[in-house]
Every structure is written in C-alpha cells, then in structure tokens.
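Participant: sequence plus the predicted model coming up.
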Amino acid sequence: MGVSEISSLPLALVDLFKMFPSVKESWPATNEAVRQLFALLFLPLRALYWPYCSLLFWRASLAELGAEGGAVPKGVIYTFCVCNILMNLLQQYWASLIVTAVVQMARGDEKHKEA
C-alpha cells in the first residue's frame, strides 16, 4: 500500500504553493504543473490501486479471522478493517474532489485553481 504514497510528493509542492502565495505568483506554470501531476498520480494510485490492495487486505483478514488459533488477535484485525473502510471512504471522497476540479479545468472554469 505504500506505493500510493507516491502521490504525496507533488501534494507537498501543491501545499507549498498554497502556503506561500508569493511563490505561487512567481511560478504559476510550475504550480499548475504540480497540481496536474498530483491529480494524474492520485487518481490511479489512490482511487484504483488502493481499493485493489484493500481487497487483498480484506481477503487476508477474513482468512485470519476464520483460522483456528490465528496468529493475530481478532481485535487487532477488526480495528484494522474498520480503519481500512474509513481510509477507503476518504480516498474516494478526495478522488471526487479531484475529478470535480479536473472537470472544471476542462470546461475552462477557473474555480479548479481555488481547490
């Protein structure tokens, strides 16, 4: 699941431009490029790859729960499964925000730059 963190690299630059408006004004093309790179990485890695990894995680978790005398305490498995559901919901919510911004950009709406 760590592969999905690759999208955090351009996100750090997006945040840098948000925190320092003077840098954003000095480097508008770079700002837009890192925003687009973030979207290009986030959508396949977090909206598609993450759920796939979660499916594999759930298969292993359910197998462990069904195992006689499992190696991992059931409370730990349940906690991780609940957290996994919450993380999946969060990833999909963020993906919806990014898709909305991409659609705005495609339509020429400048609101995508505010997100």
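Facilitator: Perfect, thanks for sending it.
Participant: nearest the middle, which residue of this protein would you pick?
Facilitator: residue 46 (4.1 Å; CA atoms, centre = their mean).
Participant: wait, it sits on residue 94?
Facilitator: Yes - counting by CB atoms under 8 Å, residue 46 does reach residue 94; the two are 6.9 Å apart. Just so you know, the C-beta spots here come from the backbone N, C-alpha and C atoms, and that holds for glycine as well.
Participant: shared neighbours of the two, anything?
Facilitator: Residues touching both residue 46 and residue 94 (CB atoms under 8 Å, 6 or more residues apart in numbering): there are none.
Participant: give me the buried positions along the longest helix along the chain.
Facilitator: Secondary structure of the chain read by DSSP state H shows that its longest helix is helix 74-107. Buried positions in helix 74-107, judged by neighbour count with 16 or more other CB atoms under 10 Å: 77, 81, 84, 88, 91, 95, 98, 101, 104-105.
Participant: show me what it is packed against.
Facilitator: Contact analysis of helix 74-107 by 3 or more CB pairs under 8 Å, 6 or more residues apart in numbering; DSSP states H and E lists helix 28-42, helix 50-66 as its packing neighbours.
Participant: return the most buried member of these.
Facilitator: helix 28-42 (a mean of 16; mean count of other CB atoms under 10 Å).
Participant: now tell me what touches that helix from outside.
Facilitator: Under CB under 8 Å, 6+ apart, the answer for helix 28-42 is 6-7, 10-11, 13-14, 17, 24, 94-95, 98, 101-102, 113.
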